[in-house]
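> coordinates only, sequence not included:
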């Protein structure tokens, strides 16, 4: 009997470094949209390209290569596989999935193998959400950050995921196929080539994210046609981290705007507010602000001693009229505070301590560190792109 039949699954402990797990967490919490099932949120590579953040695919590139090699080696299918899908997926309170195999729907028949990389810790960052196999060993998998589970996408690996009872369970999920027509790289390269042309023509900003349609960020999705209840997930993530936003346009956020009108303002220039203080620094849109805030928490220990460069920091106290406008806006785009807190409000002990010691000067330094990080990724991506186009594959270039 072939090894692939004896061992239809493979577990790799500590496959990803904790630093890489944190980087992918930063990307997901800065860019995700409402996902494919209730209480699930996702960030696909295609979405990163569509929202002017193609440089953020760079941290994924070596992971995709390494996992593809592991799958081919373990299942004896060298040079046969294509990456069919790459995405960050988080499961929040209430999310679960019953027994199924990954090829049990006709439109997924092309999938041969799956790899799930866990980016945070069971019983620390989330509760519930155990991975179960119907047959064979291990029957239960309690994920820890850096662990990977690989398995065949067939009836040998019927599985389920227990309900999340607290926190946010975050994974990087890849599917592999032997069918070249489902090669994810070909689709990504088409979009990347178009992006490179636009950036050379100055048709799009160099590195600032662009917000997708409002319904992609509204939870629950069934309310996205009328926005009568629920919340915008970008605003909610900022809010649970202690931030509000104020429009740069003084005429914005005034009654009688409805939710759909206010949501349009999330794609326009704004300022960040914390407590009763406003940072006089203009962010391009809420995604720009959200990336910087999440970068701040990711790089918190480094930011404490960072040297501030560029313009001096300026923070002003909110006036009573500004506070009223912020409260009105919050009521329009965060109708369900409790639901937002339940899904995004879980913080580890270390983050709680750091949040209590928030410092505007340290945060302001993070803006420039974020720009340097993004520019370096973009530089590496544009350097790699001609090689990717030549070989019609996305891969890591040798270090020079």
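Thanks, I have it. Everything numeric here is computed off the predicted structure, so don't read it as measured data.

> quick one: the helices in the stretch 101-250 of the chain, in order.
Here the stretch 101-250 of the chain has its helices, by DSSP state H, counting those that start in this stretch, at 184-200, 233-240.

> what's the closest of these to residue 376?
helix 184-200 (15.7 Å; C-beta to C-beta). Using the backbone N, CA and C atoms, a C-beta is placed for each residue, glycine as well.

> would you indicate which residues of that closest one are buried?
By 16 or more other C-beta atoms under 10 Å, the buried positions in helix 184-200 come out as 184-185, 188-189, 192, 195-196, 199.

> for residue 358, what are its contacts?
242, 274 (C-beta atoms under 8 Å, 6 or more residues apart in numbering).

> where does this protein dip in pLDDT?
1-7, 102-108, 250-258, 301-311, 346-356, 400 (pLDDT under 70).

> can you give me the domain assignment for it?
Listed by automatic domain parsing, the domain ranges of the chain are 3-204, 214-378.

> and these: which comes nearest residue 390?
Judged by C-beta to C-beta, the one of these that comes nearest to residue 390 is domain 3-204, at 10.4 Å.

> what is the helix or strand hosting residue 88 packed up against?
Taking DSSP states H and E as the definition, residue 88 sits inside strand 82-92. If you count contacts as 3 or more C-beta pairs under 8 Å, 6 or more residues apart in numbering; DSSP states H and E, strand 82-92 packs onto helix 18-31, strand 40-44, helix 60-75, strand 164-177, helix 184-200, helix 337-344.

> a markdown table for the ones you listed, including distance to residue 114?
As requested, the helices and strands packed on strand 82-92 are exported to a markdown table (distance: least, C-beta to C-beta, whole Å):
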| stretch | distance to residue 114 |
| --- | --- |
| helix 18-31 | 17 |
| strand 40-44 | 15 |
| helix 60-75 | 9 |
| strand 164-177 | 5 |
| helix 184-200 | 14 |
| helix 337-344 | 25 |
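
> nearest to residue 300, out of the ones you listed?
Evaluated over these, closeness to residue 300 peaks at helix 18-31, with 10.3 Å, by C-beta to C-beta.

> okay, now the sheet partners of the strand holding residue 88, with direction.
With DSSP bridges as the test, strand 82-92 is paired with strand 40-44 (antiparallel), strand 164-177 (antiparallel).

> for the ones you listed, which one sits closest to residue 261?
With distances scored as C-beta to C-beta, the stretch of the strands paired with strand 82-92 nearest to residue 261 is strand 40-44 (24.6 Å).

> quick one, that closest one and helix 18-31 angle?
Interaxial angle, strand 40-44 versus helix 18-31 (axes from the mean of the first three to the mean of the last three C-alpha atoms, to 10 degrees): 100 degrees.

> relative to helix 233-240, how tilted is strand 40-44?
Taking the same axes, to 10 degrees, one finds strand 40-44 and helix 233-240 inclined to each other by 110 degrees.

> what helices and strands are in contact with the following helix or strand past strand 40-44?
Per DSSP H and E, strand 40-44 leads on to helix 45-50 as the next helix or strand towards the C-terminus. When contacts are defined as 3+ C-beta pairs under 8 Å, 6+ apart, helix 45-50 packs onto helix 18-31, helix 184-200.

> and helix 45-50, how far out from the chain middle?
Relative to its parent chain, helix 45-50 has a centroid offset of 11 Å by C-alpha atoms, centre = their mean, to the nearest Å.

> may I see the buried residues of that helix?
Residues 45-49 are the ones in helix 45-50 that count as buried (16+ other C-beta under 10 Å).

> ok, of the residues you listed, which one's closest to residue 376?
Distance to residue 376 across those (C-beta to C-beta) is lowest for residue 48, with 16.3 Å.

> any chance of the strands paired with strand 82-92 in JSON lines, with mean neighbour count and distance to residue 141 too?
Below are the strands paired with strand 82-92 laid out as JSON lines (neighbours: other C-beta atoms under 10 Å; distance: least, C-beta to C-beta, whole Å):
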{"stretch": "strand 40-44", "mean neighbour count": "21", "distance to residue 141": "19"}
{"stretch": "strand 164-177", "mean neighbour count": "23", "distance to residue 141": "12"}
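
> in the stretch 301-400 of the chain, which spans are helices?
With helices called from DSSP H, counting those that start in this stretch, the stretch 301-400 of the chain shows them at 320-333, 337-344, 349-356, 360-391.
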